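S.K.: quick one, what's the 3D model for this:
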Amino acid sequence: TQGCVSPWCGAVADGGVCRPECPPAFAANPAELRCQGGVMNPPDFVCSLRPCPAPAVASAAPGGACQEGAVIQPHRSCTVQCAAGLAPTPSRLYCQGASFFPAEASCR
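M.R.: Sure, this is the predicted structure:
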């Protein structure tokens, strides 16, 4: 059986898997490339910005800190939700490569 040679993983045995690495804050898509009959399948991957998990905010609303849900996609905003009677500062956080800007929010 013939193996594969990948610029990302070097030599890969037939039936073996290559897990390409991306810079911090990025994820490989797809996460694995498989060597089949001397050919990598799929032949290539893309490094994409990672999403942001909703931040931990003390006194956040019962439904979670972000109105948009538990995971915020890159280049999207988290509208901060607070428990009744409290207001968020700031009211929005921007997701950029698995991190929010500004980095934190609070409910007061």
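S.K.: so who does Ile72 touch?
M.R.: Shown in contact with Ile72 (Cβ atoms under 8 Å, 6 or more residues apart in numbering): Pro51, Cys52, Pro53, Ala54, Cys66, Cys78, Leu93, Cys95, Phe100. Glycine gets a C-beta too; all of them are placed from N, C-alpha and C.
S.K.: closest to Ala27 among those residues?
M.R.: Pro51 (8.8 Å; Cβ to Cβ).
S.K.: okay, now that closest one: neighbour count?
M.R.: 15 (other Cβ atoms under 10 Å).
S.K.: what of Glu32?
M.R.: By other Cβ under 10 Å, 12 other residues sit near Glu32.
S.K.: that one reaches Gly16, doesn't it?
M.R.: No. In this structure Glu32 lies outside contact range of Gly16 using Cβ atoms under 8 Å: 10.1 Å.
S.K.: pull out the buried positions in stretch 24-39.
M.R.: By neighbour count on 16 or more other Cβ atoms under 10 Å, the buried set for stretch 24-39 is Phe26, Ala27, Ala28, Leu33, Arg34, Cys35.
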